[in-house]
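Peer 1: What follows is a protein structure lacking sequence information:
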């Protein structure tokens, strides 16, 4: 399991193997419901076989979700998202970053960003995404935060992706839960108050050494 934590409560999302993860930037309640339903149903179908090609599955998942978002919205509805699956046996993370805040991967030497590989969902019906793959060696870690974390402000200054990156470089927790709790606490300390908006989410994966 890997935790998906918000400032209001901690929740565990049980993932199958390959693991599936997503943090969308959806502020409309009905659209969010459509998004998650499509993610769960299509993701399970595309990745249920042990022989599934994860890169191709991520691309097909993006295409299906893009169509679902546009159909529900009856037109254009921008929805940045980060879609990923993790092969626990191989330590391989395959992802499509659809215009989302960059994810971060930390190895023994540096922290690298996983930038956008596709346009946000819901913009163009015939857009073609790219997927990417990153290997996680034992001891490496992955961190993804929502836009609300990056845009958290104190006296008009945003915490920013650099703030998240600095935290991740310093944090050497052994579990994903500690990593998520740590970044949520760091953002709250930066703001000098508990976040009042609901777009405050962190998702992490730490490969055991």
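Peer 2: In hand now; what should we look at? All values derive from a computational prediction rather than experimental measurement.

Peer 1: where in the chain is pLDDT low?
Peer 2: In the predicted model, the chain carries pLDDT under 70 at residues 1-31, 196-198, 209.

Peer 1: quick one: residue 61 from residue 186, how far?
Peer 2: Separation of residue 61 from residue 186 (CB to CB, to the nearest Å): 32 Å. Just so you know, the C-beta spots here come from the backbone N, C-alpha and C atoms, and that holds for glycine as well.

Peer 1: so residue 131 sits right up against residue 117, yeah?
Peer 2: Yes: Residue 131 is within contact range of residue 117, at 6.4 Å (criterion: CB atoms under 8 Å).

Peer 1: Can you tell me, leaving aside adjacent residues, what's nearest to residue 142?
Peer 2: residue 205 (4.2 Å; CB to CB, 6 or more residues apart in numbering).

Peer 1: Which of the helices or strands spans that neighbour?
Peer 2: Taking DSSP states H and E as the criterion, residue 205 maps to strand 201-206.

Peer 1: Direction included, what does that strand pair against?
Peer 2: strand 2-6 (antiparallel), strand 141-145 (antiparallel) (DSSP bridges).

Peer 1: Can you pull the phi/psi pair for residue 207?
Peer 2: With angles defined as degrees, to the nearest 10, residue 207 sits at phi -80, psi 130.

Peer 1: Can you report how many residues neighbour it?
Peer 2: By the criterion of other CB atoms under 10 Å, residue 207 has 17 neighbours.

Peer 1: same question, residue 184
Peer 2: Neighbour tally, residue 184, other CB under 10 Å: 21.

Peer 1: Find the helix or strand that it is a member of.
Peer 2: Assigned by DSSP H and E, residue 184 falls in helix 176-191.

Peer 1: Can you give the distance of that helix from its chain's centre?
Peer 2: Relative to its chain's centre, helix 176-191 lies at 16 Å (CA atoms, centre = their mean, to the nearest Å).

Peer 1: ditto for stretch 50-58
Peer 2: Using CA atoms, centre = their mean, the offset of stretch 50-58 from its chain centre is 18 Å.

Peer 1: can you list the residues that contact that stretch?
Peer 2: For stretch 50-58, contacts defined as CB atoms under 8 Å, 6 or more residues apart in numbering pick out 18, 46-47, 83-85, 87, 92, 94-96, 131, 133.

Peer 1: re earlier: between helix 176-191 and the strand holding residue 205, find me the angle.
Peer 2: On the basis of axes from the mean of the first three to the mean of the last three CA atoms, to 10 degrees, strand 201-206 is oriented at 140 degrees to helix 176-191.
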